[in-house]
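Q: got a sequence here, can you build the structure:
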Amino acid sequence: MGLREWSIGGVLLSPFLIYVVLALLVTGGLRLLLSLVPVGRWIWHEALFDCALYVCVLTVITVVLGPL
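A: Sure thing, here's the model as predicted:
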């Protein structure tokens, strides 16, 4: 899947938008998993950790699904 724009009803959409939503869902799942195990209590600043985790997940998704 390359980063070509899609035309839906005359509106151009970037596939990066799908990557962003997918990363948000994966990050939410990982945070839920971390809250269930004792590792989650070692997080010092939760908002900063959430942001860093989201950026890492978005990077991995972009590299894996992006153009070669």
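Q: and stretch 4-22, what's buried?
A: Using 16 or more other Cβ atoms under 10 Å as the test for burial, stretch 4-22 gives 15, 19. For the C-beta atoms, the positions are set from N, CA and C on the backbone; glycine is no exception.
Q: show me what contacts Thr62?
A: If a contact means Cβ atoms under 8 Å, 6 or more residues apart in numbering, then Thr62 has 16, 19 as its contacts.
Q: please identify the buried residues of the one helix or strand it maps to?
A: When elements are assigned from DSSP states H and E, Thr62 belongs to helix 46-65. Neighbour-count burial for helix 46-65, counted by 16+ other Cβ under 10 Å, picks out 53-54, 57-58, 61-62.
Q: put the alpha carbons of it into PDB.
A: Only the C-alpha atoms of helix 46-65 are listed here, as PDB (Å, rounded to 0.1, in the frame of the first residue of the first chain):
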ATOM      1  CA  GLU A  46       1.200   8.700  31.900                       C
ATOM      2  CA  ALA A  47       0.400  11.400  29.300                       C
ATOM      3  CA  LEU A  48       4.000  11.600  28.200                       C
ATOM      4  CA  PHE A  49       4.200   7.800  28.000                       C
ATOM      5  CA  ASP A  50       1.000   7.700  25.900                       C
ATOM      6  CA  CYS A  51       2.300  10.200  23.500                       C
ATOM      7  CA  ALA A  52       5.600   8.400  23.100                       C
ATOM      8  CA  LEU A  53       3.900   5.100  22.700                       C
ATOM      9  CA  TYR A  54       1.600   6.500  20.000                       C
ATOM     10  CA  VAL A  55       4.500   8.000  18.100                       C
ATOM     11  CA  CYS A  56       6.400   4.700  18.200                       C
ATOM     12  CA  VAL A  57       3.400   2.700  17.100                       C
ATOM     13  CA  LEU A  58       2.600   5.200  14.300                       C
ATOM     14  CA  THR A  59       6.300   4.900  13.100                       C
ATOM     15  CA  VAL A  60       6.200   1.200  13.000                       C
ATOM     16  CA  ILE A  61       2.800   1.100  11.200                       C
ATOM     17  CA  THR A  62       4.100   3.700   8.600                       C
ATOM     18  CA  VAL A  63       7.300   1.700   8.000                       C
ATOM     19  CA  VAL A  64       5.500  -1.600   7.700                       C
ATOM     20  CA  LEU A  65       2.600  -0.500   5.600                       C
END
